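*Asks:* I would like the atomic coordinates for the input below:
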Amino acid sequence: MTFQLSDRAKQLIPLARIVNLAKLGVGAGAIARIQAADDESRYLTNEDLVELGSENSHLGWNLECVRYLRENAEAIVTDARSAVLAAYPDITETGGDLHPASRAEACWRDFWHFLRCITYGIASGTPAFTSADGLSYMEQLYQELKVPLPAMVTGLEALKAESLQRLSLKQLSQKGLVSQVNEAEEISLDIAPYFDHLIGELRSFG
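*Replies:* As a prediction, the model looks like this:
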């Protein structure tokens, strides 16, 4: 059993692009690479990150975080899904807000895309990376699809928690990215606002 998209939902989906490229605090070359990634609904590649780093050397740690989050995206999303299911154990059961299974899978994909968009913000050093218009269309889309907003916020909060945890000193040291405790702490503190921004935006949905 699958759920069917309404014509209105089909119209809203391509409009609900939440990254505002004009806000990103990097040069035209970097914006072009982020735009290409967003157009293709993918994370930034290693080549993208090298180019962004060559143009924006001050974003070195941000770009290492982006690389690490990309490499761990599937595991982070899996943990976020588990957090939602723990908080809302009946949500995927018959009659639940994420039933049938195809409806739940669409929401898990949203978590993957939320993390993807957050990495664009991190890569550009722009915590407030979102588009007001894109978020408005997403709000309308969620209303049309009757997406359970509290569960989505729970999922986003879990994305943040899992990402920060994985970007701990132990994890980063194993990857050879940092050597001192204060560097790991600064990284965690530095990327938290990017998650907090999107969490706040979703909380404001009606």
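
*Asks:* Next one, pLDDT for Arg166 please.
*Replies:* According to the prediction, Arg166 has pLDDT 86.

*Asks:* Burial check on the closest residue to it other than its chain neighbours, number of neighbours?
*Replies:* Leaving aside its chain neighbours, Arg166 sits nearest to Asn72 (5.6 Å; criterion: C-beta to C-beta, 6 or more residues apart in numbering). For glycine as for every other residue, the C-beta is placed from the backbone atoms N, C-alpha and C. A count of nearby residues for Asn72, using other C-beta atoms under 10 Å, gives 17.

*Asks:* swap in Asp97?
*Replies:* Neighbours of Asp97 using other C-beta under 10 Å come to 18.

*Asks:* Torsion angles phi and psi at the nearest residue to it once chain neighbours are set aside?
*Replies:* Among residues not flanking Asp97 along the chain, Pro148 sits closest, at 3.8 Å (C-beta to C-beta, 6+ apart). Note on Pro148: its backbone torsions stand at phi -70, psi 100 [degrees, to the nearest 10].

*Asks:* Wait, Pro148 touches Asp90, no?
*Replies:* No: counting by C-beta atoms under 8 Å, Pro148 does not reach Asp90; the two are 11.3 Å apart.

*Asks:* Would you mind telling me which of the two has more residues around it?
*Replies:* Between Pro148 and Asp90, counting by other C-beta under 10 Å, Pro148 is the more crowded of the two (19 against 12).

*Asks:* what residue lies at the spatial centre of this structure?
*Replies:* Centroid check for the chain by C-alpha atoms, centre = their mean gives Leu115 as the closest residue, at 1.8 Å.

*Asks:* Tell me the pLDDT of that residue.
*Replies:* For Leu115, pLDDT reads 98.

*Asks:* repeat for Arg42
*Replies:* Looking at Arg42, the pLDDT reads 98.

*Asks:* Cool, thanks, signing off.
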